[in-house]
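Trainee: Got a predicted structure here, sequence first:
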Amino acid sequence: MPARGYTRATMSDLPETPRRSERHRRTRARRPRPTGWRRWLRWAANLMIVGGVLLLAYPVGTWGYTWYEQRQMRQELTRDHPGLATAQAALDSRDLVPATPPATTAGAGGTQSAPDPAETERLAQLAAFKAAADAFVAKMGSTGTPIGRIVVPAIGLDVVMLEGTGNGDLREGPGHWPETPFPGQGGNFVVSGHRTTYGHPFFKLDKIRIGDEIDLVLPYGVAKYLVTRSIIVEPDEVQTVAQAGKEQVSLAACHPIYSASHRIVVQGDLVAFRVVQQ
């Protein structure tokens, strides 16, 4: 039966419609293929796209790895060291012991006044701080062991640090130089970290200013430092972080961003602390 609206004659006069596959082939055949410089331009554009994807994938991948490792180490610290919660509470409440004695006032005739009970207690706390640090170091595991947290409020940093500065260690977080003493042991506690990859914990290290706080939350206590200087040095100028016979912290990273030509070192002096039960 003829289709509605058409007679048999008119239907026979309609042109034959080519099949879709034939139309598709004809359309493709009419498109000229790129030649000469156009082919090289397309190749270069594709290469740039692939390179951009890989360039973006690398830092994102390293950040994801470090995020996972940080999460695992934070859980491990909480599980194995209940004293961390007490140290954090002491830091939050500012219930800390001064690291240096208050200014003394000479008595009549230039003689010193009687010993201050508060100063006696401070010295006892310092001795307890050293003993706790010595005990922690004595039973601490090998490199790669999480040892506490670095908190720098001025740049929004709160990250788990671990023992060691090998490539594998720094991929998980900032690493403590094993040859330098821990807080309480009377020296310079030195930590290195990445600035661009693997979570970039020290990305904003150059934004820290003199007077800013650096807090270390450790299983045996909390240590508060105030920044005294921020300097740029050559990679081999290790004397910058040499021991000076006093309680200090040094944070070191490559400088400038995306380069390893120099190092930035931020240092602070201990101003307060608190010992907690391990």
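Mentor: Received it, and whenever you're ready, just let me know what you need. In this text, all values refer to a predicted model and were calculated from it rather than measured experimentally.
Trainee: Quick one: the helices in the protein, in order.
Mentor: 8-13, 20-30, 37-80, 83-93, 117-139, 167-170 (DSSP state H).
Trainee: How many neighbouring residues does residue 82 have?
Mentor: Neighbour count of residue 82, defined by other CB atoms under 10 Å: 13. Every residue, glycine included, has its C-beta placed from N, CA and C.
Trainee: actually residue 227, sorry about that
Mentor: Neighbours around residue 227, by other CB under 10 Å: 20.
Trainee: wait, what's in contact with residue 187?
Mentor: Residue 187 is in contact with 180-181, 243-248, counting by CB atoms under 8 Å, 6 or more residues apart in numbering.
Trainee: can we see that at 7 Å?
Mentor: 180-181, 243 (CB atoms under 7 Å, 6 or more residues apart in numbering).
Trainee: quick one: the closest residue in space to residue 251 that isn't next to it in sequence from residue 211, how far?
Mentor: Excluding the flanking residues, the one nearest residue 251 by CB to CB, 6 or more residues apart in numbering is residue 266, at 4.7 Å. Applying CB to CB, to the nearest Å, the value for residue 266 to residue 211 is 12 Å.
Trainee: Any chance you could list residues touching both of these two?
Mentor: What both residue 266 and residue 211 touch, as defined by CB under 7 Å, 6+ apart, is the set residue 227.
Trainee: Now the buried members of the contacts of residue 187.
Mentor: 180-181 (16 or more other CB atoms under 10 Å).
Trainee: which among the contacts of residue 187 gets closest to residue 190?
Mentor: Nearest to residue 190 among those is residue 180, at 4.4 Å by CB to CB.
Trainee: returning to what we had before: what's the least confident stretch among the helices of the chain?
Mentor: With a mean of 45, helix 8-13 has the lowest mean pLDDT of the helices of the chain.
Trainee: Ramachandran coordinates for the residue lying closest to residue 223 once chain neighbours are set aside?
Mentor: Computed as CB to CB, 6+ apart, the closest residue to residue 223 that is not its neighbour in sequence is residue 183, at 3.9 Å. In terms of degrees, to the nearest 10, the main-chain angles of residue 183 are phi -50, psi 130.
Trainee: more neighbours, residue 266 and residue 211?
Mentor: Taking neighbours as other CB under 10 Å, residue 266 and residue 211 compare with residue 266 leading, 26 against 10.
Trainee: ok, the more buried one - contacts?
Mentor: Residue 266 touches 205, 208, 227, 230, 251, counting by CB under 7 Å, 6+ apart.
Trainee: Derive a PyMOL selection command for the buried subset of the residues you listed.
Mentor: Here is the PyMOL selection string for the buried members of the contacts of residue 266, based on 16+ other CB under 10 Å:
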select buried, resi 205+208+227+230+251
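Trainee: Tell me which entries of the contacts of residue 266 lie within strands.
Mentor: Cross-referencing the contacts of residue 266 against strands under DSSP state E gives 227, 230, 251.
Trainee: Make a markdown table out of those and add distance to residue 159.
Mentor: Below are the ones in strands among the contacts of residue 266 laid out as a markdown table (distance: CB to CB, whole Å):
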| residue | distance to residue 159 |
| --- | --- |
| 227 | 17 |
| 230 | 19 |
| 251 | 11 |
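Trainee: Can you get me a residue count around the nearest residue to residue 184 once chain neighbours are set aside?
Mentor: Nearest non-adjacent residue to residue 184, counting by CB to CB, 6+ apart: residue 133, 3.4 Å away. Per other CB under 10 Å, the neighbour tally for residue 133 reads 22.
Trainee: so who does residue 133 touch?
Mentor: 182-185, 220.
Trainee: Okay, the residue sitting nearest the centre point of the chain and residue 266: tell me how far apart.
Mentor: The C-alpha lying nearest the average C-alpha coordinate of the chain belongs to residue 201 (CA atoms, centre = their mean; 1.6 Å). Residue 201 sits 13 Å away from residue 266, taking CB to CB as the criterion.
Trainee: can you check residue 174 too?
Mentor: From residue 174 to residue 266 the distance is 12 Å (CB to CB).
Trainee: cool, residue 183 as well?
Mentor: Distance, residue 183 to residue 266, by CB to CB: 16 Å.
Trainee: can you check residue 86 too?
Mentor: Per CB to CB, residue 86 is found 27 Å from residue 266.
Trainee: Do you know the pLDDT at the spatially closest residue to residue 89 that is not a sequence neighbour?
Mentor: The shortest distance from residue 89 to any non-neighbouring residue, by CB to CB, 6+ apart, is to residue 95 (8.0 Å). Looking at residue 95, its pLDDT stands at 92.
Trainee: Many thanks, we can stop here.
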